[in-house]
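J.: Fold the following.
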Amino acid sequence: MKKSYITFVFLVVFALGLVGTATAQQRGLTSSEIVTITSLAERKLGSISYQTTLTTEWFTERDGELTSRDTYFFATVQPERYHWIMENAANKIETVVVDGRTFRRVKDADWESVAVSPAIKSGNAQTVARFGELNGGSFQPAGTGKFIARGTIDGLEVTQYETRNTLRDSTAKGKTRVDTTQYWIDNEGLIVRKIIEQDMPDDKRFMRSVSTYEYNDIKIVEPIIPTKAEDQ
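T.: Down below sits the predicted model:
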């Protein structure tokens, strides 16, 4: 019994030692190396099947009054199947693309076949969905990065990183936007969770966007469009 207990303690200490070593190694990463890790995780989304649920909230200022909330759902099954839902207090639009054919419905009405989305034509469907929280802004490589911690999400081992970038627009006044992004990335280099915060120092507005990602059993099927007989 004593020998078994000692063995158990040794294994626990050994495991903790491995975690401690991994954490120490992560702490030793440079800012540019962390930016590379997070950028690679983003790029992986362009070539794999996944789905993400994203909630974006705008406030008058950090910890201020909530002014708007939008919810996005996006899924893709490679190579040419997409499904996304954009919803807020006033509207809900759902779009499905299957092998170049686009279908859409508004507020859970019947599905309709529509013209191909410009986003699909230009190959930007995933970009539109993944960075929709930026209100039309395109992805910008982060300026600096740092290691935060190791942990678990739903039993999955993840590493948390933070990147930060200060952007200035091209207007005469040159308004500034500070983007802070926290990533939780698993051991396969896949994003499990992401939180983006945007500070607008010039007008105090603040945005927070929270995304969760899944990679298993993603399915997208072509919607059924009612025939005229079914409509009557």
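
J.: List the residues that contact D108.
T.: 92, 94 (C-beta atoms under 8 Å, 6 or more residues apart in numbering). To be clear about C-beta, it is placed using only N, CA and C from the backbone, and glycine gets the same treatment.

J.: So for it, what's the pLDDT?
T.: Per-residue confidence (pLDDT) for D108: 84.

J.: cool, and the one 10 residues further on?
T.: P118 carries a pLDDT score of 51 in this model.

J.: same check, this time on K2
T.: What the model reports as pLDDT for K2 is 45.

J.: Same question for the one 4 residues further on.
T.: What the model reports as pLDDT for I6 is 43.

J.: try S113
T.: Predicted confidence (pLDDT) for S113: 91.

J.: What is the neighbour count of it?
T.: Counted with other C-beta atoms under 10 Å, the neighbours of S113 add up to 11.

J.: same question, V96
T.: Neighbours of V96 using other C-beta under 10 Å come to 20.

J.: list the buried ones in the strand or helix carrying it?
T.: Assigned by DSSP states H and E, V96 belongs to strand 92-98. Buried residues in strand 92-98, defined by neighbour count with 16 or more other C-beta atoms under 10 Å: 94-98.

J.: Can I get those residues in CSV including pLDDT?
T.: Shown next, in CSV, are the buried residues of strand 92-98 (pLDDT from 0 to 100):
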residue, pLDDT
E94, 93
T95, 93
V96, 94
V97, 92
V98, 92
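
J.: In CSV: the residues you listed, plus distance to S113.
T.: Shown next, in CSV, are those (distance: C-beta to C-beta, whole Å):
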residue, distance to S113
E94, 14
T95, 11
V96, 10
V97, 11
V98, 11
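
J.: which one of these is nearest Y82?
T.: The shortest approach to Y82 among these belongs to V97, at 4.3 Å (C-beta to C-beta).

J.: how about the helices in the chain?
T.: Taking DSSP state H as the test, the helices found in the chain are 2-27, 31-44, 118-121, 125-130, 228-231.

J.: that older thread, by contact count, what packs against the strand holding V96?
T.: strand 81-87, strand 101-106 (3 or more C-beta pairs under 8 Å, 6 or more residues apart in numbering; DSSP states H and E).

J.: Would you mind stating the distance between M86 and F73?
T.: 8 Å (C-beta to C-beta, to the nearest Å).
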